[in-house]
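*Asks:* below: sequence and its predicted model.
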Amino acid sequence: MNEWIEEWRREGVVVLPRFFGQEQMLAVEADFETVFGPPEEHLQVKGDDAPDRAFTDGQFLHFEQIPFKCSPALNLLAVDHRLIEAAKEALNTNSVYLYQSQAWAKYTGEANFDQPFHCDFLNHTLTVPSEDETRNSITFLIYVTDVTEAHGPTHYVRKSDSGTFTSAEGFLGGVDDLQEQLSVHEHSAAGPRGTVFAYGIDVFHRGTNLTAPQGYRYAVSSCFRAAGNDSISYSAWPHSFTRPWAQVFNHASPEQLACFGVPPPGNPFWSESTLARVARRWPLWDTTPYKEKLSV
Ligand SMILES: [Fe+2]
């Protein structure tokens, strides 16, 4: 077992410095610049005077959902086999589903990225987080670039510190001075490129502003739930069918495709006909592992 899983279960949050290596992150960084352009295009300081501790549209100007018009490095990062294995362990299941993944670029001066403490559950479920973490989900926020305190690291509060105003009670309006109380226990997820910040939908956290001159922060989110847990959702992948899904199909393993809902080899969905038809949609997709397990 990954020793950090226990900490994640207990505190709802864990920071994993250098979870991913330099080489992999540099390839993803190059993809960010294919998708969003070079940072020089965005680094003009516009004097955003939005207040601290607020959500603004400007914070989400460069926020795109998977799949992307670039190489497999960025397209497959959210379903890297190490994340899949970690998600299975965290959620205590043999099969996980990726229900949200975005690439998010932030540039110094483009907006005030300072947010209030919040929990993510409002747009991941129509109810509230379960008291059993394995019935919720795990979000991995991957820092593709070095994130110092001046590059807008996420700040968070451990569950053992947020105590009685954890998640629902606090966030849904039961505590007047919630922000002040949480600030006392505020920690930073700052770390070098390749750092992963893993957290649950019931964990208080907030984005912070970028202040480094010419600074930028590239990050990828990857949210997993146990397969079949319909209480948690965000994206319906087929809804974005005009996006470059071939970039995922052409390079993903069957286990990675299963994270998007593609039945694995050996599943009764697959027949000579369904294989041939799906291959017409994605002509460069490797059908071999599926053909090998066709039931006869
Ligand atoms: Fe958030």
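*Replies:* Now that the structure is in, tell me what you want to look at. Numbering: from 1, shown residues only.
*Asks:* show me the contacts for the residue most central in space within the chain.
*Replies:* The residue lying closest to the centre of the chain (CA atoms, centre = their mean) is residue 221, at 1.8 Å. Listed by CB atoms under 8 Å, 6 or more residues apart in numbering, the contact partners of residue 221 are 78, 100, 101, 102, 104, 139, 140, 141, 142. Every residue, glycine included, has its C-beta placed from N, CA and C.
*Asks:* of those, buried ones?
*Replies:* Among the contacts of residue 221, those that count as buried by neighbour count (16 or more other CB atoms under 10 Å) are 78, 100, 101, 102, 104, 139, 140, 141, 142.
*Asks:* by mean pLDDT, flag the weakest helix or strand of the protein.
*Replies:* Per-element confidence for the chain was summarised using mean pLDDT, DSSP states H and E. The lowest value among helices and strands belongs to helix 167-169, with a mean of 60.
*Asks:* which parts of the next helix or strand after that one are buried?
*Replies:* Counting by DSSP states H and E, the element after helix 167-169 in chain order, helix or strand, is helix 178-183. For helix 178-183, burial by neighbour count (16+ other CB under 10 Å) applies to 178, 181, 182.
*Asks:* of the residues you listed, closest to residue 88?
*Replies:* Sorting the buried residues of helix 178-183 by how near they are to residue 88, with CB to CB, puts residue 182 at the top with 30.8 Å.
*Asks:* tell me which residues of the lengthiest helix in the chain are tucked away?
*Replies:* With DSSP state H applied, the helix covering the greatest number of residues in the chain is identified as helix 22-36. Counting neighbours by 16+ other CB under 10 Å, one finds that the buried residues in helix 22-36 are 24, 25, 27, 28, 29, 31, 32, 33, 36.
*Asks:* please produce a markdown table containing those residues, extended by distance to residue 232 and pLDDT.
*Replies:* Formatted as a markdown table, the entries for those read as follows, by distance: CB to CB, whole Å; pLDDT from 0 to 100:
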| residue | distance to residue 232 | pLDDT |
| --- | --- | --- |
| 24 | 28 | 98 |
| 25 | 28 | 98 |
| 27 | 30 | 98 |
| 28 | 26 | 98 |
| 29 | 30 | 98 |
| 31 | 27 | 98 |
| 32 | 27 | 98 |
| 33 | 32 | 98 |
| 36 | 28 | 98 |
